[in-house]
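Trainee: Sharing a model prediction with you, sequence too.
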Amino acid sequence: MAVFKDFEEIIAWQKAIDLSVIIHTKFRDHKDFAFRDQIPCVDLGLE
């Protein structure tokens, strides 16, 4: 079993952050403002 000194060492966490960046970039100019405004709320669950 792996031992982590910090949660940022967890590969799943690193991939989730990478995915978050991709989503923010892709939907930055999305016209559906209600949808676009929900993205930061979802992202807070990762940080």
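Mentor: That came through, no problem. Numbers count the residues shown, from 1 in each chain.

Trainee: what about Ile23, distance to Arg36?
Mentor: The gap separating Ile23 from Arg36 is 10 Å, by C-beta to C-beta, to the nearest Å. In short, each C-beta sits where N, CA and C put it, glycine included.

Trainee: before we move on, what about Met1?
Mentor: 40 Å.

Trainee: before we move on, what about His24?
Mentor: Per C-beta to C-beta, His24 is found 10 Å from Arg36.

Trainee: Same question for the lengthiest helix in the chain: list its buried residues.
Mentor: The longest helix of the chain (DSSP state H) is helix 11-27. Within helix 11-27, the residues scored as buried using 16 or more other C-beta atoms under 10 Å are Ser20.

Trainee: what's the following helix or strand after that helix?
Mentor: helix 33-43 (DSSP states H and E).

Trainee: Check which helices and strands that next one sits against.
Mentor: The contact analysis (3 or more C-beta pairs under 8 Å, 6 or more residues apart in numbering; DSSP states H and E) places helix 33-43 against helix 11-27.

Trainee: what's the average pLDDT for the helix it packs on?
Mentor: Summarised as a single mean, pLDDT over helix 11-27 is 87.

Trainee: got it, and stretch 38-47?
Mentor: Stretch 38-47 carries an average pLDDT of 65.
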